[in-house]
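S.K.: this one's sequence-less:
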């Protein structure tokens, strides 16, 4: 399964953290730091895999993709295929790119919820549930539409009723 | 969009809402001051606002506050206690408003933790409601998706109750074939097998056969997850037909990968399975264009189908394509990974790729380098060890420090494994060790040093080369400044002193050992250096005397010269004048003969000049050895003084000869490794109470052990103080000195043995040193325990099996493996010892007889020799520890009943024999420091 998905800036700041195995919240910062140290020590043009036995337990690996100012990191165990995970990182990035029209770090900084929405369409409980960025996009857009609908339909009656109730 | 906050204007009744910061505002405020302090204060401000807002009755305000809190706890590691976050989240789960609901679900799945599990039952009803398909609202699908996410979140996995309550709610979704529901079902089963399996397993299995590829893929990955290693894959065997069907028909690479992984786990359980799947796997391997699937096939074949040669060779073909992908480090890495999966049956394949692997050692990617190193080490066998190890060591010189050390460590471990079982050419190995020591940033000094000494002890044939390599290390003044090399230099010094007979130029060695830069060495290593000098000078003097062979005239000549020298040094004794340096004239280059009188005079003077100041050294180890050395040299001079007083030439010459010869005897016994089981063959004599005194000493010894000796090979602070005190006696005369020594040893050895057992860093060395030492030790023992037959002695030794345990682990393991070593590689004595000394002790007995006789002849051809023989025999037979033990034991038993008993026991040995024994004892104790730990010192002080 996928154990964690992280987006970390090249300055070591986390931009997205999602753990699929329970990790003590107090350890999150430590995890991010150790992963960042691993990645920042690696030169350009080397393989995208790093063994992370010491961080996430035996048999765990991470695959990362360094794009512009961000590291996209997927941590996984022996039930996943390395190259498939590399593809999945690519799918994730592609989807974000479609979502934000040429995604940049700022989009990711300011769209905390949307990032999670995209991720949740792709992975559930550490299992990959969708690998097509088109499908993911379609779902994300539908959710956005539904939310908008929900806000517009509910806002007025709700505020009016509140007002009357006081 | 969820992230866009609900407009504050919608709830005008609340001031909080009016002025509430949205998440975007919060992010902006956090980014305004990027410094750590600014950020943390912004977080603190935001948190206090959130804590107020989150209690607001208005859902919109609450939702925004919750969103901000989620953000802060997730990405800024804000210390949010579980409850403040969890409760509003659960409250908002029930919101009819989709954006609020989504925020609540996100907050719950991100931040619910086992600590807040008590709140989770509150959510059960809401989850149940959201999962129920009756909700016909347009957003129903998304609502259930949200609920499934929460159900699959890590927190829910820790709440088996939740899983149990909601398992039934998953069924409609499973029958619909929703990948989400399948993934969530897998989590539920994993979290609570007892509740999940009865309800969910069958529907999940049915999904495998679903015509919808998304469903079957999700089901395959669910089962892949459930069968992952810690779990037992056998319950999934009945799924094999469905999985096989998927394997042959599915066109989804994701599904195929998962199915292959499941089959790889199932194949070992069911022998027929491998034969069934090998064809489809080979087809996939042959036709798939997706690298991920190809790699998975290769992995499956290599790990689960190693018996199918055709499949394996196909996989190897693909694997080589991976290795050849020069432009893709990922494929090369995975190729190396796959190579490592090849079993020993395909070692030749790995060998074929050796060039690629060697090339990968220089890759920019640490992953690839490590994998290549691993493969290289796996490839090592006795035929290629020279090539590979040599290549690795030269490669280490070029790589970065970390990897270089990994490499050197791996080579050392591999070559040293099982007592150098891979190494056949020890000359090569010794020079390799020296090369390793020289490589930059080498952190393996300790291990290299240990192996240098160990090889010396075990492999007689390697000694000349060993001494040669040691010389090259010692002679290079540049190495003295590198503190990583100290252990190696210490080993080199020991080796060149111990095997000085293999040296081509002892004089040069003495110069190297006494070069000015040795002052850079730590004291423990200096002590080893000085000790080595003592051995060298003894060797040279002996050589000289043997060469004279009774020609007293020449001898006189030397001592005449010495006398002249002595006058000079006398004058300068108080302070070493630089002038003296001028007087020490290097023998001309043509006269390199170490046994020429010029060389000896030169060496003696050199020693006097350089070691002389050290007799006031504050470090006891150095002090002691310096005094030993100076004492020996003084003895030579003493004799000269006798001559001046008109003592007859003949007598003087004889004394010199005796002195040198006995000294030589002390060092003559070859050190050898000892088989650890040797001790077990000795039975315990009934009258021996081992723990009698030792128990009392335990405290002292323990304290002593606490600060482990810094010396690398020789845990030797022990005797120095003893020696120091003896020093004055040296000049008085060897006999009185020896008597004193003997007395002291009687006390000191007692704790020594135990101490060593505890601390010895380099048991091998210690071990043999003592055995070499048998001259003195034995004598002692023979004196004390004369009546006991050799066999019984052995028993005595054996009687403290504990001692062996006290020995360092590596000692034990190394010794254990000695059994496997071919006899030739063992040094002569050791070999004899190891190979059933009990069976036929004759050879060693003879050998020791000789040596003892030598001693006996010298001093006293009395009866003691036979006893010595026995003792020696025993010594050789038992491990050093044994001996030591032995010694201790004897001491321990003997000491209490003072002189009376001893005298009785000694009656057979003549007095001169005594002296000799003591003398040796004393000289040995010079070496002893190498061997004997510090216990004695402290004891001495205590006394």
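M.R.: Now that the structure is in, tell me what you want to look at. In this text, all values refer to a predicted model and were calculated from it rather than measured experimentally.
S.K.: Distance-wise, check residue B:459 relative to chain A.
M.R.: Going from residue B:459 to chain A by C-beta to the nearest C-beta, to the nearest Å gives 38 Å. Where you see a C-beta, it was placed from the backbone N, CA and C, and this is true even at glycine.
S.K.: Can you name the residues that contact the closest residue to that residue other than its chain neighbours?
M.R.: Closest residue to residue B:459 apart from its sequence neighbours, by C-beta to C-beta, 6 or more residues apart in numbering or on different chains: residue B:426 at 4.8 Å. Shown in contact with residue B:426 (C-beta atoms under 8 Å, 6 or more residues apart in numbering or on different chains): B:420, B:455, B:459, B:461, B:462, B:465, B:825.
S.K.: Please determine how far residue B:426 is located from residue A:20.
M.R.: In this view, residue B:426 and residue A:20 are 54 Å apart by C-beta to C-beta, to the nearest Å.
S.K.: By proximity to chain B, which residue of chain A wins?
M.R.: residue A:125 (2.8 Å; C-beta to the nearest C-beta).
S.K.: Close to chain A: what parts of the stretch 251-400 of chain B are there?
M.R.: Applying C-beta under 8 Å from any C-beta of the partner chain, we find that the stretch 251-400 of chain B lies next to chain A at B:253-254, B:257-258, B:261, B:290-293, B:295-296, B:329-330, B:332-334, B:363-368.
S.K.: Return the members of those residues classed as buried.
M.R.: Listed as buried from those are B:253-254, B:257-258, B:261, B:290-293, B:295-296, B:329-330, B:332-334, B:363, B:365-368; burial here means 16 or more other C-beta atoms under 10 Å in any protein chain shown.
S.K.: Which of the contacts of residue B:426 fall in helices?
M.R.: Among the contacts of residue B:426, the members found in helices (DSSP state H) are B:420, B:455, B:465.
S.K.: If you rank these by neighbours, which is first?
M.R.: residue B:455 (26 neighbours; other C-beta atoms under 10 Å in any protein chain shown).
S.K.: ranges for the strands of chain A?
M.R.: A:2-9, A:14-19, A:49-51, A:61-67, A:70-76, A:123-124, A:127-128 (DSSP state E).
S.K.: Of those, flag the one that's most buried.
M.R.: Mean neighbour count, computed with mean count of other C-beta atoms under 10 Å in any protein chain shown, is highest for strand A:123-124 among those, reaching a mean of 26.
S.K.: tell me what that one is packed against?
M.R.: Packing partners of strand A:123-124 (3 or more C-beta pairs under 8 Å, 6 or more residues apart in numbering or on different chains; DSSP states H and E): helix B:179-191.
S.K.: who does the helix it packs on touch, helix- and strand-wise?
M.R.: strand A:123-124, strand A:127-128, helix B:140-151, helix B:154-157, helix B:160-176, helix B:193-208, helix B:213-226.
S.K.: Would you convert those into JSON lines that also reports distance to residue A:61 and mean pLDDT?
M.R.: What follows is these, written out as JSON lines (distance: least, C-beta to C-beta, whole Å; pLDDT from 0 to 100):
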{"stretch": "strand A:123-124", "distance to residue A:61": "16", "mean pLDDT": "90"}
{"stretch": "strand A:127-128", "distance to residue A:61": "16", "mean pLDDT": "90"}
{"stretch": "helix B:140-151", "distance to residue A:61": "25", "mean pLDDT": "78"}
{"stretch": "helix B:154-157", "distance to residue A:61": "20", "mean pLDDT": "73"}
{"stretch": "helix B:160-176", "distance to residue A:61": "28", "mean pLDDT": "80"}
{"stretch": "helix B:193-208", "distance to residue A:61": "27", "mean pLDDT": "86"}
{"stretch": "helix B:213-226", "distance to residue A:61": "16", "mean pLDDT": "90"}
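S.K.: can I get those in CSV with distance to residue B:128?
M.R.: Formatted as CSV, these follow (distance: least, C-beta to C-beta, whole Å):
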stretch, distance to residue B:128
strand A:123-124, 19
strand A:127-128, 22
helix B:140-151, 8
helix B:154-157, 13
helix B:160-176, 6
helix B:193-208, 14
helix B:213-226, 22
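S.K.: Pass me the low-pLDDT residue ranges in chain A, would you?
M.R.: For chain A, applying pLDDT under 70 flags the ranges A:151-166.
S.K.: Could you point out which of the helices and strands packed on helix B:179-191 sits nearest residue B:39?
M.R.: The closest of these to residue B:39 is helix B:154-157. By C-beta to C-beta, the value is 27.1 Å.
S.K.: give me the element the residue of the stretch 401-550 of chain B found nearest chain A is part of.
M.R.: Here the stretch 401-550 of chain B gets closest to chain A at one residue, residue B:402, 10.3 Å apart by C-beta to the nearest C-beta. Under the criterion of DSSP states H and E, residue B:402 resides in helix B:401-420.
S.K.: Can you report phi and psi for the residue of chain B found nearest chain A?
M.R.: Sorted by distance to chain A under C-beta to the nearest C-beta, the residues of chain B start with residue B:152, at 2.8 Å. Main-chain dihedrals, residue B:152, degrees, to the nearest 10: phi -90, psi 0.
S.K.: Look up how far residue B:189 lies from it.
M.R.: To residue B:189, residue B:152 is 11 Å away according to C-beta to C-beta.
S.K.: quick one, which of these two is more surrounded?
M.R.: Comparing residue B:152 with residue B:189 by other C-beta under 10 Å, the one with more neighbours is residue B:152, at 28 against 24.
S.K.: My guess is that one contacts residue A:129. True?
M.R.: No - applying C-beta atoms under 8 Å, one finds residue B:152 not in contact with residue A:129, separated by 9.9 Å.
S.K.: any residues in contact with both of these two?
M.R.: residue B:183.
S.K.: How many residues are close by residue B:94?
M.R.: Counted with other C-beta under 10 Å, residue B:94 comes out at 16.
S.K.: Spit out the contact partners of it.
M.R.: residue B:126.
S.K.: I'd like to know how far it sits from residue B:107.
M.R.: With distances taken as C-beta to C-beta, residue B:94 is found 14 Å from residue B:107.
S.K.: how about the nearest residue to residue B:291, chain neighbours excluded?
M.R.: Ranked by C-beta to C-beta, 6+ apart and with sequence neighbours excluded, the top spatial neighbour of residue B:291 is residue A:83, at 5.2 Å.
S.K.: what sits against the one you found?
M.R.: B:290, B:291, B:292, B:295, B:330, B:334.
S.K.: can you check residue A:46 too?
M.R.: Per C-beta under 8 Å, 6+ apart, neighbours of residue A:46: B:329, B:363, B:364, B:365, B:366, B:367, B:368.
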